[in-house]
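A.B. asks: Test case, fold it:
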Amino acid sequence: MKAGQSKRRQANSERTLAARSLSHQIASLVLLTAVLWITSADSARAQSGEEGWLNQNYFDAAKTTFSTELLLNAERNHFAQGNFWSKYKAGNLGYALEDLKYVLLVFPNHPKALHMLGLICRTTKDNLTPIIYFEKAVRLFPQEAYTEAQYGAYLISIGEQSAAIARLNEALRIDPNLTFAQALLAEAQEKERADQKAAPSASGTGPGASTPPAATTPASQTNQKTP
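C.D. replies: Residues are numbered from 1 along each chain as shown. The predicted structure is shown next:
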């Protein structure tokens, strides 16, 4: 009987791992397709003569008058009280997202826009869209440690600790003194250790596994042979 239960647990564990693997493969394909679509869309806009105001580095905005005015206009028209924030507070999240996507079209690594994008998408149970935008931001501006760290923070929030640790290590490679990334890395590592300890319990094996309570035998059956 115990052998049969053990085999069933092992089979269930293998099915769970296979499902997770398939889920990760599908998510990877969806992400790759979405990133390629965004890249193609950006290329099309660039060919139509719009490349002058697209894909600006937020952290370099103060270096030129053009970029400064572009940032002010994007925030005034799509990230201010009269547009994004009023929609967000009213619960019109779809319309609020459109404002954020415009800001991120112009400044893909705009930190506040990325943060709010992640917040809204977690509310709507959409974990993929922020990943697409973060991937674009770090692809365009791989030198920006803060964007890598912010990406890591988002990955922590959706339970992807291993991926978060990789991003945070990259952020600290770029800027070893970035305290934001240091604190997040410690958090991600702690959560990953906790997940690893809990993993045996979830599969029903290992030191953390719970032991089912022993069945009680009625007094009238104490002298009967146990099958």
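
A.B. asks: Settle this for me: Tyr95 is touching Lys87, isn't it.
C.D. replies: Yes. If you go by Cβ atoms under 8 Å, Tyr95 and Lys87 touch, sitting 4.7 Å apart. C-betas here are computed from N, CA, C, even on glycine.

A.B. asks: For those two, work out which one has more neighbours and name it.
C.D. replies: Between Tyr95 and Lys87, counted using other Cβ atoms under 10 Å, Lys87 has the larger neighbour count: 17 against 14.

A.B. asks: Quick check: nearest residue in space to the more buried one, chain neighbours excluded?
C.D. replies: Distances taken as Cβ to Cβ, 6 or more residues apart in numbering place Ala96 nearest to Lys87, at 4.1 Å, with adjacent residues excluded.

A.B. asks: Check which helix or strand that neighbour maps to.
C.D. replies: helix 93-106 (DSSP states H and E).

A.B. asks: State the mean pLDDT of that helix.
C.D. replies: In this model, helix 93-106 has a mean pLDDT of 97.

A.B. asks: Toward the C-terminus, what is the element adjacent to it?
C.D. replies: helix 111-123.

A.B. asks: so that next one versus helix 93-106, what angle?
C.D. replies: Using axes from the mean of the first three to the mean of the last three Cα atoms, to 10 degrees, the direction of helix 111-123 lies 140 degrees away from that of helix 93-106.

A.B. asks: Okay, buried residues for helix 111-123 please.
C.D. replies: 111, 113-114, 116-118, 120-121 (16 or more other Cβ atoms under 10 Å).

A.B. asks: ok, now stretch 181-194?
C.D. replies: For stretch 181-194, by 16+ other Cβ under 10 Å, it's 181-182, 184-185, 187-188, 192.
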